[in-house]
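Student: Sequence and predicted structure are below.
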Amino acid sequence: MLYNQHVHMGIYFGAYVFLRRLLMSRKKKDGTHLNVIIRQDIYDAFCEYAERKGQTKTMALERIIQKVVQKKDVDSDDKEM
């Protein structure tokens, strides 16, 4: 194979990868980034929980926070978690 053929194949492959990413990309989630530092043992337990539930860590954390917030709304006299 000649050098020019290799260059053309590289260009075509690059265009293919670009178009595939463009067409196959997921819609970005409407949300906010949350950066926290937590104890390693709590993080490990959380990862195990998410895996056991078959959820992503994001999904598991969203559901946990939602349950706590809803419970707090019901228990309006709750001063502390």
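Tutor: Structure's in. What do you need?
Student: the helices in the chain, which residues?
Tutor: For the chain, the helices defined by DSSP state H cover 3-24, 40-53, 57-74.
Student: buried ones in the second one?
Tutor: The reference is to helix 40-53. Neighbour counts over helix 40-53 (16 or more other C-beta atoms under 10 Å) mark Ala50 as buried. For glycine as for every other residue, the C-beta is placed from the backbone atoms N, C-alpha and C.
Student: Pull out the CA atoms of that helix and give them to me as PDB.
Tutor: Output of helix 40-53 as PDB, limited to C-alpha atoms (Å, rounded to 0.1, in the frame of the first residue of the first chain):
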ATOM      1  CA  GLN A  40     -13.200   6.000  52.300                       C
ATOM      2  CA  ASP A  41     -15.300   3.400  54.300                       C
ATOM      3  CA  ILE A  42     -18.500   5.400  53.500                       C
ATOM      4  CA  TYR A  43     -17.600   5.600  49.900                       C
ATOM      5  CA  ASP A  44     -16.900   1.900  49.600                       C
ATOM      6  CA  ALA A  45     -20.200   1.100  51.300                       C
ATOM      7  CA  PHE A  46     -22.000   3.500  48.900                       C
ATOM      8  CA  CYS A  47     -20.300   1.900  45.800                       C
ATOM      9  CA  GLU A  48     -21.400  -1.600  47.100                       C
ATOM     10  CA  TYR A  49     -24.900  -0.300  47.600                       C
ATOM     11  CA  ALA A  50     -25.200   1.200  44.100                       C
ATOM     12  CA  GLU A  51     -23.800  -2.000  42.600                       C
ATOM     13  CA  ARG A  52     -26.200  -4.200  44.600                       C
ATOM     14  CA  LYS A  53     -29.100  -2.100  43.400                       C
END
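Student: How far off centre is that helix?
Tutor: 15 Å (C-alpha atoms, centre = their mean, to the nearest Å).
Student: And it, what does it pack against?
Tutor: For helix 40-53, the elements it packs on are helix 57-74, judged by 3 or more C-beta pairs under 8 Å, 6 or more residues apart in numbering; DSSP states H and E.
Student: between the helix it packs on and helix 40-53, how many degrees?
Tutor: Put simply, helix 57-74 runs at 100 degrees to helix 40-53, going by axes from the mean of the first three to the mean of the last three C-alpha atoms, to 10 degrees.
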